[in-house]
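Enquirer: coords below, sequence missing:
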Ligand SMILES: C[S@@+](CC[C@H](N)C(=O)[O-])C[C@H]1O[C@@H](n2cnc3c(N)ncnc32)[C@H](O)[C@@H]1O
């Protein structure tokens, strides 16, 4: 009897879950079509949604307990889904990479602002060219809109690339134009609960995404679970001073063995300096004035607190290579 009621409850729960997912997709599609006709209006509405969400996610929720963390992951997802729609509509060009970028030397000319995040992918995935990725299977966690995955799959001749991201909108964009691209696969999923039962990967890649995971220990446990003894975990993110030792201890506790650790803050700052002027112009042209400061922080222009923190050494950009 009890089982019957439980099953009935589960059936209706799954039914409503499916319906609400369907409704969200219709809503998102309507937003996109509507925006073609009333671009500015949509941007305004989306920003009105984004700003309180941003404040809630990044300022208030870290003070709460585990429930708050779970809630913050949900908000994070809404945040990235909405941001993808805003960016898609605000800019004529694609902005498919979403990391702060990497420059090998200070005075390199940058023609396209997407070149520095491209460099980040090429540098981190191959560990500065020292790892041969040809014929390997690679899982990228937090793959964003898939631009990095497509790049490294082609460049390094991977046998198989799988990208996972929390945002449905990012996965929709990543899956566009995939015809003929054998061996590339993008899925919606959560870094703290990876959707693989038995599969193991030769390389696990994570670029500038882990700072958004409410429980970093869960992520490291999941990474360890999908690695085999010869796998490599190529990992890069920014960390505030007090986070470095906490994260390193959590990785150790999960069974990850540190092979290399490089502070690449200066390479990231060089990239931010070289791209700041172009980003500022784009933001000032395409984004409503009241939201410009907020988006500049997200883009890391040189007048943003993010850049100042990196320059002052209060926040570091660190590249790790782990095995198990
Ligand atoms: C700053 S973007 C970086 C994206 C990409 N790695 C790049 O460099 O272009 C961070 C990405 O992490 C994703 N993300 C955040 N939390 C996640 C989670 N729990 N699981 C998987 N992806 C997540 C976001 O949706 C976003 O696409």
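Expert: Arrived safely. What you see is a predicted model, and the numbers here were worked out from it, not measured in a lab.

Enquirer: Do you know the pLDDT at the closest residue to the ligand within the stretch 101-250 of the chain?
Expert: Nearest residue of the stretch 101-250 of the chain to the ligand (Cβ to the nearest ligand atom) works out as residue 144 at 2.9 Å. Bear in mind the C-beta positions are built from the backbone N, C-alpha and C, glycine included. Looking at residue 144, its pLDDT stands at 95.

Enquirer: wait, it sits on residue 117?
Expert: No: applying Cβ atoms under 8 Å, one finds residue 144 not in contact with residue 117, separated by 9.5 Å.

Enquirer: Tell me the residues that contact both of these two, please.
Expert: Common contacts of residue 144 and residue 117 (Cβ atoms under 8 Å, 6 or more residues apart in numbering): 97, 98.

Enquirer: ok, back up a step: ok, now how distant is the residue nearest to the residue of the stretch 101-250 of the chain closest to the ligand when sequence neighbours are not counted from the ligand?
Expert: Nearest in space to residue 144, with sequence neighbours left out and distances taken as Cβ to Cβ, 6 or more residues apart in numbering, is residue 98 at 4.7 Å. Separation of residue 98 from the ligand (Cβ to the nearest ligand atom, to the nearest Å) stands at 4 Å.

Enquirer: Is residue 98 located within a strand, as I assumed?
Expert: No: counting by DSSP: H, G, I helix; E, B strand; the rest coil, residue 98 is not part of a strand but coil.

Enquirer: Please give me every residue in contact with it.
Expert: 117, 144, 145, 208.

Enquirer: Could you list the low-pLDDT ranges of the chain?
Expert: Residues of the chain that meet the criterion pLDDT under 70 lie in 1-72, 86-95.

Enquirer: Okay, strands next: where are they in it?
Expert: 137-141, 160-165, 184-188, 201-207, 227-240, 257-263, 315-323 (DSSP state E).

Enquirer: a markdown table for these, including mean neighbour count?
Expert: A markdown table is the format used below for the strands of the chain (neighbours: other Cβ atoms under 10 Å):
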| stretch | mean neighbour count |
| --- | --- |
| strand 137-141 | 25 |
| strand 160-165 | 24 |
| strand 184-188 | 19 |
| strand 201-207 | 23 |
| strand 227-240 | 19 |
| strand 257-263 | 13 |
| strand 315-323 | 20 |
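
Enquirer: Turn those strands into CSV, columns for distance to residue 278.
Expert: Listed next are the strands of the chain as CSV, based on distance: least, Cβ to Cβ, whole Å:
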stretch, distance to residue 278
strand 137-141, 26
strand 160-165, 26
strand 184-188, 28
strand 201-207, 21
strand 227-240, 21
strand 257-263, 26
strand 315-323, 21
